[in-house]
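K.L.:
curious how this folds, go ahead:
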Amino acid sequence: MLAVGLDLADGRLARHQGTTSPFGDYADTFADAAFWMWLTLRHEPNPAVRAAAIAAWALPVVTVTGVALRRGAMPERPRPVLLRPAAVLQTVVALRHLVRR
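P.N.:
The predicted model follows:
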């Protein structure tokens, strides 16, 4: 919960101070992906849920990285609608973890 709270506060502070950047935007998304993949691998016992959650985060990260390498520049950030499956699955994994505790 602390990591999620700090992530939200960091983004809000950057927008409020006008210090957002394309790199920071991508770095935040990639950090989110790393955190949720770690949580999934460490705490999700169901192989199907684990695979779906990791794929939902890995696919956008791999796609954006591939496009950036091919173009030599970062593409536009993926629309939030494309990250909804990852958001839903991170909620499922987090709730399942909390219920098991």
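K.L.:
which strands and helices sit next to the helix or strand hosting Val88?
P.N.:
Using DSSP states H and E, Val88 maps to helix 84-100. Where contact means 3 or more CB pairs under 8 Å, 6 or more residues apart in numbering; DSSP states H and E, helix 84-100 is packed against helix 22-43, helix 47-71. In short, each C-beta sits where N, CA and C put it, glycine included.
K.L.:
what's the angle from the first one to helix 84-100?
P.N.:
What it means is helix 22-43. Interaxial angle of helix 22-43 relative to helix 84-100 (axes from the mean of the first three to the mean of the last three CA atoms, to 10 degrees): 40 degrees.
K.L.:
can you list the buried residues in helix 22-43?
P.N.:
Neighbour-count burial for helix 22-43 flags Tyr26, Asp28, Thr29, Asp32, Ala33, Trp36, Met37, Leu39, Thr40 (criterion: 16 or more other CB atoms under 10 Å).
K.L.:
the fifth one contacts Val61, correct?
P.N.:
Yes - distance between Ala33 and Val61: 5.0 Å, which falls inside the contact criterion (CB atoms under 8 Å).
K.L.:
figure out which of the helices and strands packed on helix 84-100 is closest to Asp10.
P.N.:
helix 22-43 (7.3 Å; CB to CB).
K.L.:
pLDDT averaged over the closest one - what is it?
P.N.:
Averaged over helix 22-43, pLDDT sits at 81.
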